[in-house]
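Visitor: Quick one, structure for this:
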Amino acid sequence: DEDEIENDAHLRNRKPDMADSGKAVYTIPGMVALMRHPEKGIKLKTRHHFFKSYKKCFVGSDCVDWLMENVNEPDRERAIALGQILMNRGIIRHVTNTQPFADANYFYKFIMDDKLPVKKMEHELTPTEIKKISTAFQNPRTGIKLKDRREFIHIYKDTFLGSEA
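Guide: Numbers count the residues shown, from 1 in each chain. Predicted coordinates:
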């Protein structure tokens, strides 16, 4: 989307002056790392709405304020657009997935804080099945290749993607 590209270029091409050089943010991952910083970032906490609790979330209007102050967005509209970019890229989401990013009292959270549902196996694997899977994974020609992978500020060593298995 054109607005997203323009906003992203705006972030990358920003030239900090001496007054804000300590707060300069040049990339989306860098900005997200700062947003998640325990002291300097957006305040994540459990919030309540209609008897339902939402853990590790923040308020949209607080995020807009934070973006204006820490990323030096010149106005609320640009900060809102940047928040929507974070949603479009799958970095943040509305807690019930029903709202776009807004400068309002809506709750949002970082997707990386979502707990993935654990699906139980229908039956326990037998030792023979475990050995067969292990052998298939380790086959030098057809098996999976482990490598270090990076997601935002985390590096995961010797991992593979499920789609590669």
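
Visitor: so after the helix or strand containing Thr135, what's the next helix or strand?
Guide: Remark: Thr135 resides in helix 127-138, with elements defined by DSSP states H and E. Sequence order places strand 147-151 as the next helix or strand after helix 127-138, per DSSP H and E.

Visitor: So which other helices or strands are in contact with that following strand?
Guide: When contacts are defined as 3 or more CB pairs under 8 Å, 6 or more residues apart in numbering; DSSP states H and E, strand 147-151 sits against strand 154-159. C-beta: built from backbone N, CA, C; applies to glycine.

Visitor: what residues does the strand it packs on touch?
Guide: Outside of strand 154-159, the residues within contact range by CB atoms under 8 Å, 6 or more residues apart in numbering are Leu146, Lys147, Asp148, Arg149, Arg150.

Visitor: Looking at those residues, which one is closest to Gly83?
Guide: Arg150 (23.6 Å; CB to CB).

Visitor: For the closest one, give its distance to Asp65.
Guide: The span separating Arg150 from Asp65 equals 30 Å under the rule CB to CB, to the nearest Å.

Visitor: Okay, now the unreliable bits of the chain?
Guide: Segments of the chain classed as low confidence (criterion: pLDDT under 70) are 1-26, 117-121, 164-165.

Visitor: all helices in it, in order from the N-terminus.
Guide: For the chain, helices defined by DSSP state H occupy the ranges 2-12, 28-35, 60-70, 76-88, 127-138.

Visitor: mind checking how far the third one is from the chain centre?
Guide: Averaging C-alpha positions (CA atoms, centre = their mean, to the nearest Å) puts helix 60-70 17 Å from its chain's average.

Visitor: what do you get for the shortest one?
Guide: How far helix 28-35 lies from its chain's middle: 9 Å, per CA atoms, centre = their mean.

Visitor: now the fourth one
Guide: On the basis of CA atoms, centre = their mean, the separation between the geometric centre of helix 76-88 and that of its chain is 14 Å.

Visitor: buried residues in that helix?
Guide: Of the residues in helix 76-88, those with enough neighbours to count as buried (16 or more other CB atoms under 10 Å) are Arg78, Ala79, Ile80, Ala81, Leu82, Gly83, Gln84, Ile85, Leu86, Met87.

Visitor: Is it possible to get CSV of these that adds distance to Ser61?
Guide: Output for those, formatted as CSV (distance: CB to CB, whole Å):
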residue, distance to Ser61
Arg78, 15
Ala79, 10
Ile80, 10
Ala81, 15
Leu82, 14
Gly83, 10
Gln84, 14
Ile85, 17
Leu86, 15
Met87, 15
